[in-house]
Each structure stands twice: as structure tokens, then as C-alpha cells.
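Asker: Just need the structure, nothing else, for what follows:
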Amino acid sequence: MKNIIIVLFSVLLLSSFQQKQTEGAVHWLTNLEKAKKIAKNEHKPILLFFTGSDWCAPCKGLEDNVFTTERFKYYADNYVLVKVDIPRAEDIISAKQLKYNKRLLRIYNKDEHFYYLLVLNHKGQKLGKMKGYYTDYEYYFRFFDKMMRAL
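Answerer: A predicted model of the protein is given here:
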């Protein structure tokens, strides 16, 4: 009986923890046209994040050290976020999504830099960009501040 109570308590605790992680997670869209509509209605810039989620070490570093921080949640509320993933593994995203992402890559990231951050207005006009990985994470937050003021 004691073991059952311990197991049930552990399951409830884990479930609560996972729910908190989901609630606090930043929401990334995968469709730029949808993002443009939201950006227009909410008067926000669009932050495009070109990533190779399963092979790009700087992309993973950016995710782990910037995009998952409490501080980034403030910026996430002030941008419409779009993730453009170009993975090598075929089962990470659908073939349709990969085709769409490659089209965005050809339009907005012709040199295929990974990672690549691009800020657009709701019309798709470029406001600013960033590439290259910086271990001074403050650099990213200064960029986000600057781009918010650019609108």
C-alpha cells in the first residue's frame, strides 16, 4: 500500500512539473503568413529563427542558453516567433513543412546561415538580422531590444 501511494504521488508530481514546463514554454509558429497576420493585428515584429535542430550546434546553444530563459519570455511576448527548421533527420518535421521551410530559406536566408535570426515587419520587410554564435548572451538581448524599437 505504501508503495502505491509513493508511485501515485510521484506520477502527480511529474505531471504537475510537465504542465508547468508547457505553460512556461515559448510558442513558435511554423507558418510565416500566419505570423504576418498576427504581427499586423498586434503591431509586433516577427522574429524568424532559421535552425538545423538536429545537427546545428550553435542553434542548439541558442535554444538552450537564450530561448529557454525566463528573460526571453519577455521578448517572446513582444515578437511573433517563427521557427524555420531544416533538419537532416526525415522524421522531425513533415515533408510538407520541410518543403515550406526550404522555400523560406531560399527567400530570406539565401546564404543558408545556421543559425540565422531575421526580424521582419508584418509586410515581410527586413528590419534586422543576426548570425554567428556569441557566448555573451547579453548580445542577443540587446539585439532584441534594438529590433523592438525599430518598428
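Asker: Looks like residue 55 contacts residue 87 (just checking).
Answerer: Yes. Using Cβ atoms under 8 Å, residue 55 is in contact with residue 87, at 7.0 Å. All C-beta atoms are positioned from the backbone trio N, CA, C, and that covers glycine.
Asker: In terms of neighbours, single out the busier of those two.
Answerer: Ranked by neighbour count (other Cβ atoms under 10 Å), residue 55 and residue 87 place residue 87 first, with 16 against 13.
Asker: wait, what's in contact with the more buried one?
Answerer: Contacts for residue 87 (Cβ atoms under 8 Å, 6 or more residues apart in numbering) come out as 52-55, 93, 98.
Asker: rerun that using 10 Å as the cut-off
Answerer: 51-56, 93, 98, 101 (Cβ atoms under 10 Å, 6 or more residues apart in numbering).
Asker: Where does pLDDT dip in this protein?
Answerer: Across the chain, the ranges flagged by pLDDT under 70 are 1-24.
Asker: repeat that for 50
Answerer: Along the chain, the parts satisfying pLDDT under 50 run over 3-23.
Asker: What is the burial count for the closest residue to residue 55 other than its chain neighbours?
Answerer: Leaving aside its chain neighbours, residue 55 sits nearest to residue 88 (5.0 Å; criterion: Cβ to Cβ, 6 or more residues apart in numbering). By other Cβ under 10 Å, 10 other residues sit near residue 88.
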